[in-house]
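> Sequence and predicted structure below; questions after.
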Amino acid sequence: MSKSPNQKLKLLYLARILTSQTDEEHPMTLEQIKDALLAYDVQAERKSLYDDMEGLRTFGLDVQTIKSKTTYYYIGSRDFELPELKLLVDSVQSNQFLTTKKTYTLIKKLESLCSKYEAQLMRRQVYVTNRVKTMNESIFYNVDGIHSAIAADKQITFRYYEIGVDKEKHYKHDAQRYRVSPFALLLSNENYYMIAYDAAAGILKHYRVDKMDGISVTKADRVGKDAFASIRMDEYTQHTFGMFGGEKQKVTIEFANHLAGVVMDRFGKDTAFCMVDEKHFRITADVTVSPQFFGWVFALGTDAWILAPTCVTDGMRKYLNDVSNLYK
């Protein structure tokens, strides 16, 4: 009987069967493995399978055996353990800059890194249908272009837009192309931002990656390296509320004690707490003052209030009055 063309791929199909169909809770016997190979039109004898198992172990696949009346085989350790994959799935499904289609695609790829049984355990925690997800899948190409520019130490040009009430793109600066030197990508409030140096303005700026269009890597070398090196990214993201621009100032705020964790999440664990009384503490921190900052303080209700400087307290008062006037 002539051999199947797939016979030469026996070792590869065996590896696929073991990685996709077995784990510690679901081992397979040699007879089950032989039947699985037949589905690929591959025949195998028991002795040859013993040799194949050793070959896979030598290659680096963690083929484990359970010996009782019948010997069972399964894949032990993998590149990613199940808890690690679940964590990655959570990260994928919780980010709104991923489209629903891309979310499912990425999760499906993560499922391929474990057995089909473990994949079912991951699949049950996927709830993305009713979440607000971005509709702009070009973000992946934007991220790739930005990374390429950073690696090549080159400037980029692009157009920047907002979505109008007509749900169409409206380009800023009369659709003229921006030219900047990109230095970093970061996530803030479930959005991707690019940190870049604007040579014309002489400052660092941030841009929503999903609102960038037509990114092109230029031949010009990046500028502004000293400006980027002078900032600490952790402080930059903590103090730039919602990644909206504003004037950076030292602001003193008083909080109720139960908000200590909230304050540390926002400003960092190294922030100095000055105890006011048994129920309150005070901090002074560098803050990029913006409507988003005022909104954050307002959300804490009567348990947080700005004390200084006067220009910021006045700004908070105006913010509250403007909101209040909407409901008169």
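It's in.
> after the strand or helix carrying A149, next one along is what?
Assessed by DSSP states H and E, A149 sits inside helix 139-152. Note on helix 139-152: by DSSP H and E, the next helix or strand toward the C-terminus is strand 154-163.
> Parallel or antiparallel, which strands does that next one pair with?
strand 169-171 (antiparallel), strand 178-188 (antiparallel), strand 212-221 (antiparallel) (DSSP bridges).
> Looking at the ones you listed, spot the one closest to E81.
Closest approach to E81 among those (CB to CB): strand 178-188, 24.1 Å. Just so you know, the C-beta spots here come from the backbone N, C-alpha and C atoms, and that holds for glycine as well.
> buried stuff in the closest one?
For strand 178-188, the neighbour count (16 or more other CB atoms under 10 Å) marks 178-185, 188 as buried.
> so which strand or helix has E84?
Here E84 is assigned to helix 82-94, by DSSP H and E.
> so the next helix or strand after that helix versus helix 139-152, what angle?
Per DSSP H and E, the first helix or strand lying C-terminal to helix 82-94 is helix 100-111. Calculated by axes from the mean of the first three to the mean of the last three CA atoms, to 10 degrees, helix 100-111 forms an angle of 70 degrees with helix 139-152.
> For the longest helix anywhere in the chain, list the C-alpha coordinates in PDB.
If you go by DSSP state H, the chain has its longest helix at helix 310-325. Extracted in PDB, the C-alpha atoms of helix 310-325 (Å, rounded to 0.1, in the frame of the first residue of the first chain):
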ATOM      1  CA  THR A 310      -5.900  80.700  43.800                       C
ATOM      2  CA  CYS A 311      -5.900  80.600  40.000                       C
ATOM      3  CA  VAL A 312      -6.700  76.900  40.200                       C
ATOM      4  CA  THR A 313      -9.400  77.200  42.800                       C
ATOM      5  CA  ASP A 314     -10.900  80.000  40.700                       C
ATOM      6  CA  GLY A 315     -10.700  77.700  37.700                       C
ATOM      7  CA  MET A 316     -12.500  75.000  39.700                       C
ATOM      8  CA  ARG A 317     -15.200  77.400  40.800                       C
ATOM      9  CA  LYS A 318     -15.800  78.500  37.200                       C
ATOM     10  CA  TYR A 319     -15.900  74.900  36.100                       C
ATOM     11  CA  LEU A 320     -18.600  74.100  38.700                       C
ATOM     12  CA  ASN A 321     -20.600  77.300  37.800                       C
ATOM     13  CA  ASP A 322     -20.500  76.500  34.100                       C
ATOM     14  CA  VAL A 323     -21.800  73.000  34.700                       C
ATOM     15  CA  SER A 324     -24.400  74.200  37.200                       C
ATOM     16  CA  ASN A 325     -25.700  76.800  34.700                       C
END
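> Packing partners of that helix?
Secondary-structure packing of helix 310-325 (3 or more CB pairs under 8 Å, 6 or more residues apart in numbering; DSSP states H and E): strand 247-256, helix 291-299, strand 304-308.
> Give me the pLDDT for the residue nearest to T29 when sequence neighbours are not counted.
Sequence neighbours aside, T70 is the residue nearest to T29 in space, at 5.4 Å (criterion: CB to CB, 6 or more residues apart in numbering). T70 is assigned 90 on the pLDDT scale.
> Against Y50, how distant is T70?
14 Å (CB to CB, to the nearest Å).
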